[in-house]
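In: Would you be able to build a 3D model of this:
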Amino acid sequence: VQLQASGGGLVQAGGSLRLSCAASGFTFDDYSIGWFRQAPGKEREFVVGISPSGVSTYNADSMKGRFTISRDNAKNTVYLQMNSLKPEDTAVYYCAARRGVAYEYWGQGTLVTVSS
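Out: Numbering: from 1, shown residues only. Prediction:
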């Protein structure tokens, strides 16, 4: 099982980034996928999730309207489009997969740095 997050980097405040999460080793379209982030010195927090079919998405309240998740089941890939980025969005972003209540598979993370 592998979840490979990519697309992180350095961006100025107000800019945009699109992260990708490529999955392999499990039946991708049986799983919900979530994005989480962990800022320096802080606990990991949920950002946004998407259902196996992609029909339903659910955002953390603080990121509604700026972060959008989507998936391409034919490519076993989930995307996180991040707009209007703020310095406080600086964090390592992780993707994770779950079939039940708990997320069981985790990727290695990609660093997003937003400069002011």
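
In: contacts and neighbour counts: CA atoms only from here.
Out: Will do.

In: Now for residue 34: which residues touch it?
Out: 46, 47, 48, 49, 50, 95, 96, 97 (C-alpha atoms under 8 Å, 6 or more residues apart in numbering).

In: What pairs with the least confident helix or strand in the chain by mean pLDDT, parallel or antiparallel?
Out: Ranked by mean pLDDT, DSSP states H and E, the weakest helix or strand in the chain is strand 57-59, scoring a mean of 91. According to DSSP bridges, strand 57-59 has the following sheet partners: strand 45-50 (antiparallel).

In: Buried residues in the partner strand, which are they?
Out: With burial defined by 16 or more other C-alpha atoms under 10 Å, the residues of strand 45-50 counted as buried are 46, 47, 48, 49, 50.

In: any residues touching it, and which ones?
Out: With C-alpha under 8 Å, 6+ apart as the test, strand 45-50 has contacts from 32-38, 56-60, 63, 67-71.

In: low pLDDT regions in the protein?
Out: Within the chain, no range satisfies pLDDT under 70.

In: Grab the most central residue of it for me.
Out: Taking C-alpha atoms, centre = their mean, the centroid of the chain lies closest to residue 35, which sits 2.9 Å from it.

In: my read: that one touches residue 97, true?
Out: No. In terms of C-alpha atoms under 8 Å, residue 35 does not count as a neighbour of residue 97; the distance is 9.0 Å.

In: Just name the closest of the buried residues of strand 45-50 to residue 85, please.
Out: Among the buried residues of strand 45-50, residue 47 lies closest to residue 85 (C-alpha to C-alpha), at 13.5 Å.

In: one step back: now, the contacts of strand 45-50 that are in helices?
Out: Helix and strand membership here follows DSSP state H; of the contacts of strand 45-50, not one is in helices.

In: Now the two most distant members of the contacts of residue 34.
Out: Among those, the pair separated by the greatest distance (C-alpha to C-alpha) is 47 and 97, at 13.5 Å.

In: List the contacts of the most far-flung residue of the chain relative to its centre.
Out: Residue distances from the centre of the chain (C-alpha atoms, centre = their mean) peak at residue 116, which lies 22.2 Å from the mean C-alpha position. Residue 116 is in contact with 12, 13, 86, 87, counting by C-alpha under 8 Å, 6+ apart.
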